[in-house]
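1. Need coordinates for the following:
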Amino acid sequence: MKARASFTINSSVLAKLDTVVDNITYRSKSEAVEDILRKFFERQNTAIILCSGDFSFDSSGVYRPFLKIGNYTVIENIVNNLRVNGFRNIYVSGGTDLLKNIFKLMKNGEGYGVDIKYLDDNNTNGSAKAMERAKQFVGSTTLFVPGDCVMDIDLKDMLRFHIANNGVASIAISSSEKSIPSSNDSILLKGNKVVCYGCNGQQGTHKLVATSVLIVEKDVFKYIPPGDMKWEINSDLLPLLANEGELFGYVYHGAWVSIKTREELEKAKSMLPLK
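-> Reported below is the predicted structural model:
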C-alpha cells in the first residue's frame, strides 16, 4: 500500500535525484526515493546475538559460540548469515570472558562486513532478562538470535512477514525434518498467529519446531516484568505473548539446530551446506 508524503529537500540533493531518474532503473522521483530509503533501512537493520548465561559446552572448557561448523565457528556462521540478510548493525550480549574471546576473533566486525558492538552482561536471570538489558539498543524493530545456533532462515523474508503482520513479536518456526527442537514446548498455530506456546501437553502443530530466532518491536518489553527476577524467553515471555495474541509464527522450510550437546553439534555439521 502506498502513502503520500510531503517534505522539503535541498535543491542540490534534488538535482542529484533527477540524474538517477532515467526511465530504466527509476521511472520517477518517488520510485527512486522509495528504493533508496528501503536500501538504507535494510543496511541499518539491527540484530542482537544473545550469549548471556552459561554458554560453556560440556566440560570441555570451550564456549559454544566457538565450536567449529565447517570452516567457521558458530558465531562466525551467525554473523555471516546476518550480513547476507542485511543485518549489519550487530550487538553481542554476554559475560565478560566470553565477550573478550569473541572480540579477539571478530574485533569490531569490519573483517566480516558488519559493525559489532559488545554488551557486557554477567547476569544469570534468564534469556528474557538478557533481552531487557539490551533495551536501550533496540530500535523500532530488532532481531534477536541465540549465539549457539546454526540456522537456514531467509531473515529478509522473515522481516517482511513481521512488518506485514504488525505484531509485537514474530518467531521463526522450522518445518524441516533436519531441525532439532530446543525444548519440549508445543506450539499451536491458527493461520500465521501462534495461539499457544508451551501448551501443557496439548497436541501441537504437527512437525513444527519453534526456534529461538525472534523479531520484536520495542513494545515487547512491556511483557517482561521489571525488577530482579528470573524470566526466560521460552518458558515465560513467548507463552505470554501468544496468550495476548501478539506472537506470529514465520514458518520456513530450512533447518535449525541449537547446539548444547555433542549430538546436536554433529547434527549441525551435517547441515552444511545449508539447503
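
2. In the stretch 51-200 of the chain, where is pLDDT below threshold?
-> Low-confidence segments of the stretch 51-200 of the chain (pLDDT under 70): 182-185, 200.

3. all helices for it, in order.
-> Applying DSSP state H, counting those that start in this stretch to the stretch 51-200 of the chain gives helices spanning 74-84, 96-106, 127-133, 155-165.

4. so what does the last one touch, helix or strand wise?
-> Put plainly, it is helix 155-165. Helices and strands touching helix 155-165, by 3 or more CB pairs under 8 Å, 6 or more residues apart in numbering; DSSP states H and E, are strand 141-146, strand 169-174, strand 209-217, strand 247-252. Using the backbone N, CA and C atoms, a C-beta is placed for each residue, glycine as well.

5. can I get the helices of the stretch 51-200 of the chain in CSV with distance to residue 239 and mean neighbour count?
-> Below are those laid out as CSV (distance: least, CB to CB, whole Å; neighbours: other CB atoms under 10 Å):
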stretch, distance to residue 239, mean neighbour count
helix 74-84, 26, 21
helix 96-106, 28, 16
helix 127-133, 11, 22
helix 155-165, 19, 17
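
6. Does residue 76 touch residue 106 like I think?
-> Yes - using CB atoms under 8 Å, residue 76 makes contact with residue 106 at a distance of 7.3 Å.

7. Name all residues that sit in contact with the two at the same time.
-> Here residue 76 and residue 106 have residue 112 as joint contacts, going by CB atoms under 8 Å, 6 or more residues apart in numbering.

8. that older thread, can you add distance to residue 196 and give the helices of the stretch 51-200 of the chain back as JSON lines?
-> As requested, the helices of the stretch 51-200 of the chain are exported to JSON lines (distance: least, CB to CB, whole Å):
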{"stretch": "helix 74-84", "distance to residue 196": "29"}
{"stretch": "helix 96-106", "distance to residue 196": "34"}
{"stretch": "helix 127-133", "distance to residue 196": "18"}
{"stretch": "helix 155-165", "distance to residue 196": "17"}
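
9. got CSV for the helices and strands packed on helix 155-165, with mean neighbour count and distance to residue 237 too?
-> Converted to CSV, the helices and strands packed on helix 155-165 look like this (neighbours: other CB atoms under 10 Å; distance: least, CB to CB, whole Å):
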stretch, mean neighbour count, distance to residue 237
strand 141-146, 23, 11
strand 169-174, 25, 8
strand 209-217, 24, 9
strand 247-252, 23, 9
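
10. hmm, who's touching the helix or strand containing residue 266?
-> Element membership for residue 266 (DSSP states H and E) is helix 262-270. By CB under 8 Å, 6+ apart, the residues outside helix 262-270 that reach it are 57-58, 67, 69-70, 74, 150, 178, 180, 257-259.

11. Closest one of those to residue 130?
-> Residue 130 lies nearest to residue 258 out of the contacts of helix 262-270, by CB to CB, at 15.4 Å.

12. Now do that closest one against residue 174, distance only.
-> Distance from residue 258 to residue 174, counting by CB to CB, to the nearest Å: 11 Å.

13. Next, show the common contact partners of those two.
-> Joint contacts of residue 258 and residue 174 (CB under 8 Å, 6+ apart) are residue 211.

14. list the buried ones in stretch 47-55?
-> Buried residues in stretch 47-55, counted by 16 or more other CB atoms under 10 Å: 47-53, 55.

15. For those, work out which two are farthest apart.
-> Checking those with CB to CB, the most distant pair is 47 and 53, at 18.6 Å.

16. Can you give me the distance of residue 252 to residue 137?
-> Here the criterion is CB to CB. By it, residue 252 lies 26 Å from residue 137.

17. How about residue 268?
-> From residue 268 to residue 137 the distance is 28 Å (CB to CB).

18. between the two, which one's more packed in?
-> Applying other CB atoms under 10 Å to residue 268 and residue 137 shows that residue 268 carries more neighbours, namely 26 against 14.

19. What pLDDT does the model give that one?
-> Residue 268 is assigned a predicted lDDT (pLDDT) of 91.
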